[in-house]
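> Just the structure for this:
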Amino acid sequence: MSVGAVIGSGLLTAPVPASESAVNSAPLRAALVGCGRQGRTIINAGLKIPNLRFAALCDIQPTALKSAKLFLESEDVETAGYSDCREMFGNEKGKIDAVIIASPDCFHTEQTLAALEVGLHVYCEAPMAVNAEDARKMLNAAKSAKRFLQIGFVRRSDPRYRHTAEKLLNPDSLPVLIGKITHFETQANRRIHSELIWSKRDTLTPELLDRYGFKSMEEYRNWREFRKYGSGACLFYLAQQLDVFQWFFNIRPSKIQAMGGLDYYKFGNGIDNVSALLAYPFPQGMVRGISRVWTTTSGGGNVPFEHIFGEFGSLQTSLSESAFRVHAEPGLAKWSEFVRRGDLKKENAAAEGEDPNLIKVRETGNVVPYLVPLERPDSVFRLHLSNFVNTVFGKENLHCSGEDAFPSHIIAWKVAEAVESSTSLELTEEMFRV
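Down below sits the predicted model:
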């Protein structure tokens, strides 16, 4: 029986993976909603996944839809094209098994619910929704439909992050690695861009714009800068980076203070700079940290990172290999056991082209850098999407279910609330309940 037949039977009472015969006989047939920049990233990643096939595409902009369709045809992939996802779900019933949603944030909830109604598994790009009420609707609908819902927090599929969570931060390793956690920081720097424009052939009619809630082409092209259509780029980064802390330690902040606003851009009404102070009530004491998203071209060469500080050293994670480091405090950390079993390795003393016998003069008391001895073999988008596909086929578990991602969305929305109200917020466990 194919995946589509299993899904279409309506007999399942829990998220049940496909049978081995389906794994061996046919790929997962997916529809993609949203053929813009992120949609094309997903297409490029998905084409390299052997057990995934794009069976249908959907986008309200004809040129984006046509471009994606022609690209897939150049890769010998025939797809059906639609401008309305509900029409697509109806016409392709029994021909698709899952949907991948890469549309503007404001459509995620409606499109996810529509997909779950017809029995499709859902991969939804982050953020999953624009507010807590909509996110809860998605979680409850996935539970009722007995279908998988994966959220696009791709760090959860990065091998280095997973190695860190499983090998370095488990209850036995954490006290030895960095000792008592004292504080943390996250930072992302947005690249400056101009207001997005469009060509005549890309112009949508006023009727079509109104149908989907856009007042103008300016808002449609720059939807990410408007709170009506999305959480905003700043909160998008905050949610993903704070999810690392949530994932690693399964703890929520108890208090948030934040400062930010629309400081740089002259269009939109979202937040383009934010600095948030968060307090986490760890069993061993309060851990405070700061999360920043700044509108700069390069941040002085910084790439997005998450940095956890402890008594014996610190751990810095990043999607950039060059920024993924573990630092030992001089004279404190003894990590030979981590190195012996291959969980860490000392950073090479000699850079490329240098004499390894050269004696270097180092600063007194400088931290000692270590590396996580893993490379990411492929695009992190491909790894995350592949995890979703393999979960549907019963070969893996979701790396980031809707339930996993939900708390970090709540935190990001509360940061926005703290910015807008200019007050500090106390967070309760009730806020994180579905």
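> can you pull the contacts of Asn91?
Ala80, Tyr82 (Cβ atoms under 8 Å, 6 or more residues apart in numbering). To be clear about C-beta, it is placed using only N, CA and C from the backbone, and glycine gets the same treatment.
> Roughly how far does it sit from Thr63?
Distance of Asn91 to Thr63, computed by Cβ to Cβ, to the nearest Å: 22 Å.
> so which helix or strand takes in Thr186?
Following DSSP states H and E, one finds Thr186 within strand 181-190.
> what about the longest helix in the protein?
Longest helix of the chain, by residue count under DSSP state H: helix 402-421.
> so what secondary structure elements neighbour the strand holding Thr186?
Using 3 or more Cβ pairs under 8 Å, 6 or more residues apart in numbering; DSSP states H and E as the contact test, the elements touching strand 181-190 are helix 233-249, strand 285-295, strand 305-310.
> Can you list the strands that it pairs with?
Note on strand 181-190: by DSSP bridges, its sheet partners are strand 285-295 (parallel), strand 305-310 (antiparallel).
> any idea of the angle the first one forms with helix 402-421?
What it means is strand 285-295. On the basis of axes from the mean of the first three to the mean of the last three Cα atoms, to 10 degrees, strand 285-295 is oriented at 70 degrees to helix 402-421.
> Off-centre distance for strand 285-295?
In terms of Cα atoms, centre = their mean, to the nearest Å, the centre of strand 285-295 is set 19 Å apart from its chain centre.
> Spell out the residue ranges of the strands in the stretch 201-350 of the chain.
255-261, 273-282, 285-295, 305-310, 313-317, 325-328, 345-346 (DSSP state E, counting those that start in this stretch).
> Check which helices and strands the second one sits against.
Which is strand 273-282. Checking 3+ Cβ pairs under 8 Å, 6+ apart, strand 273-282 ends up next to helix 233-249, strand 255-261, strand 285-295, helix 402-421.
> Could you say which of these is packed most deeply?
Comparing these by mean neighbour count (mean count of other Cβ atoms under 10 Å), helix 233-249 ranks first with a mean of 24.
> What is that helix packed up against?
Looks like helix 233-249 contacts strand 181-190, strand 273-282, strand 285-295, strand 305-310, helix 402-421 (3+ Cβ pairs under 8 Å, 6+ apart).
> Format these as TSV; extra columns: mean pLDDT and distance to Pro171.
Below are these laid out as TSV (pLDDT from 0 to 100; distance: least, Cβ to Cβ, whole Å):
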stretch	mean pLDDT	distance to Pro171
strand 181-190	94	13
strand 273-282	96	13
strand 285-295	95	17
strand 305-310	96	15
helix 402-421	96	20
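> Reformat these into CSV and put distance to Thr41 next to each item.
Output for those, formatted as CSV (distance: least, Cβ to Cβ, whole Å):
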stretch, distance to Thr41
strand 181-190, 18
strand 273-282, 25
strand 285-295, 21
strand 305-310, 21
helix 402-421, 19
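> Just put the helices and strands packed on strand 181-190 in a markdown table and tack on distance to Lys167.
Listed next are these as a markdown table, based on distance: least, Cβ to Cβ, whole Å:
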| stretch | distance to Lys167 |
| --- | --- |
| helix 233-249 | 12 |
| strand 285-295 | 22 |
| strand 305-310 | 15 |
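> Quick check: which of those is nearest to Arg191?
strand 285-295 (8.7 Å; Cβ to Cβ).
> Mind listing residues that contact that closest one?
Applying Cβ under 8 Å, 6+ apart, the set of residues contacting strand 285-295 is 180-190, 192, 233-234, 237-238, 241-242, 245, 263-265, 272-280, 415.
> Now that we have those residues, which of them are buried?
Among the contacts of strand 285-295, the ones that count as buried by 16 or more other Cβ atoms under 10 Å are 181-182, 184-190, 233-234, 237-238, 241-242, 245, 265, 272-280, 415.
> just to revisit the earlier point, Ser421: which of the helices and strands packed on strand 181-190 is closest?
Closest of these to Ser421 is helix 233-249, at 15.1 Å (criterion: Cβ to Cβ).
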